[in-house]
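In: Generate a structure from the sequence data that follows.
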Amino acid sequence: MGEICGGKMLIMAKPYLLSIGLQFGMAGTYIISMATLNHGMNRYVFIVYRNAIAAIILAPFALMFERKIRPKMTLSVFIQILSLGLLEPVIDQGFGFLGMQNTSASFASAMMNAVPSVTFVLAIILRIERVKIMELRSQFKVIGTLISFGGALLMTLYKGPEIHIFHSEATHHQNESHSLQSHKNWIMGTLFLLLACVAWSSFYILQSITLKKYPAELSLSSLICFAGALESSVVALIIDHRPQSWAIGWDYRFFGPLYTGVVSSGVAYYIQGLVMQSRGPVFLTAFNPVCMIIVSALASFLLGERFHLGSIIGGMVIAVGLYAVVWGKGKDQTDLTTSAATKETETLQLPITSSSSSTDNK
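Out: Model (predicted):
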């Protein structure tokens, strides 16, 4: 009995554990990507290598584990895969890296907290997310989304006094010069990050739609990465066709694309697919603020980025909003499970009722 209860609890906790683990992986992506770009790697070439590595690593697993369940490719699914490759690997990563270079890793992760709000709005427009404003759970989802977005804005607009936690005096002076340069391009960088947010939200929505037609997570992930590598290579060759830009070595130019390719463009797509199939895109994106908190701490420790009081307050506000959204989504899932169980019980009871009625008539 205890093993059964433990198994049920693990199944219920699985989407939460996967979503939180995904945010830790994505936090590493911000830090490693920023370090790689700071070491001079071309961001367009970085995107090509990242997605090519992800496709190469995922493809064997997709061929091995999904050869019997992989559905036939249709024209509509093929077009959706090309669109997914354009939305996330090309537009989101391209503008995201450009915006991060003009601001900072912690600022970029904070801006990306607009993704749950944009995803929520798009899901309502496309009727993927159900909202009845008179229901308490819908009110929690709406209010929680607004609170999370407000916390992200607070981190963006209010810095407050600096908190010197991890970085040394040397990194402080180094960060001073970088801050002056970033301030000049801050507005442009913010706009680039907002475009990345819209592209990322659109990617989540389209991925959840595509999974219904092509329910093979590993195969879909590898195809998205392959499409993204091809499309981004065209962009990279047009913008920068110098041979030296494509050179890699045993440094950040290799380990950066390797980590981001495996974790962010490979494993992340697969985990996103698993979570969205059971809980939907809004539930998944509600955990994005966790990544921001991790990145803020790591960026201060590893990159020497300055930590501000506004980041702490904003993180606490976002945590409250996150809890509200997840609570609302949890109520949705509970009702769906109860409804499914009720229908199953009624279906099982129908033959019995019919049989008993015919016996009585006899």
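
In: quick one: secondary structure of the nearest residue to residue 314 once chain neighbours are set aside?
Out: Nearest residue to residue 314, sequence neighbours excluded (C-beta to C-beta, 6 or more residues apart in numbering): residue 155, at 3.4 Å. Using the backbone N, CA and C atoms, a C-beta is placed for each residue, glycine as well. Of the three states, residue 155 takes helix under DSSP: H, G, I helix; E, B strand; the rest coil.

In: What segments of the stretch 151-300 of the chain are strands?
Out: Using DSSP state E, counting those that start in this stretch, the strands found in the stretch 151-300 of the chain span residues 162-163.

In: Pass me the low-pLDDT residue ranges in it, would you?
Out: 156, 159, 164-184 (pLDDT under 70).

In: Contacts only, for the residue nearest to residue 314.
Out: Contacts for residue 155 (C-beta atoms under 8 Å, 6 or more residues apart in numbering) come out as 110, 292, 310-311, 314-315.

In: 10 Å - rerun?
Out: 106-107, 109-111, 113, 289, 292, 296, 308, 310-315, 317-318 (C-beta atoms under 10 Å, 6 or more residues apart in numbering).

In: Tell me the spacing between it and residue 23.
Out: Separation of residue 155 from residue 23 (C-beta to C-beta, to the nearest Å) stands at 16 Å.

In: burial of the nearest residue to residue 221 once chain neighbours are set aside, as a residue count?
Out: Distance criterion C-beta to C-beta, 6+ apart; nearest residue to residue 221, sequence neighbours excluded, is residue 269 at 3.7 Å. Using other C-beta atoms under 10 Å, residue 269 has 24 other residues around it.

In: Residue 133 should be in a helix, yeah?
Out: No: judged by three-state DSSP, residue 133 forms no part of a helix; its state is coil.

In: I'd assumed residue 140 was in contact with it.
Out: No: contact criterion C-beta atoms under 10 Å: residue 133 and residue 140 do not qualify, at 11.3 Å.

In: of these two, who's got more company?
Out: In this view residue 133 and residue 140 are compared by other C-beta under 10 Å, and residue 140 has more residues nearby, 20 against 7.

In: how close does the more buried one get to residue 19?
Out: From residue 140 over to residue 19 (counting by C-beta to C-beta), the distance is 18 Å.

In: again with residue 148
Out: 14 Å.

In: cool, residue 249 as well?
Out: Distance of residue 249 to residue 19, given as C-beta to C-beta: 35 Å.

In: Please say which of these two ends up with more neighbours.
Out: Between residue 249 and residue 19, counted using other C-beta under 10 Å, the more crowded position is residue 19 (22 against 8).

In: Now do the same for the more buried one: its pLDDT.
Out: On pLDDT, residue 19 comes in at 89.

In: wait, doesn't it sit right on residue 282?
Out: No: using C-beta under 10 Å, residue 19 is not in contact with residue 282, being 11.6 Å away.

In: what touches both of those two?
Out: Common neighbours of residue 19 and residue 282, counting by C-beta under 10 Å, 6+ apart, are residue 326.

In: What's the local residue count around the closest residue to residue 204 other than its chain neighbours?
Out: Counting by C-beta to C-beta, 6+ apart, residue 281 is the residue found nearest to residue 204 once chain neighbours are left out, at 4.2 Å. If you count neighbours by other C-beta under 10 Å, residue 281 ends up with 26.

In: so residue 281 makes contact with residue 128?
Out: Yes: between residue 281 and residue 128 there is a contact at 7.0 Å, judged by C-beta under 10 Å.

In: list residues touching both of the two?
Out: 119-120, 122, 204-205, 208-209.
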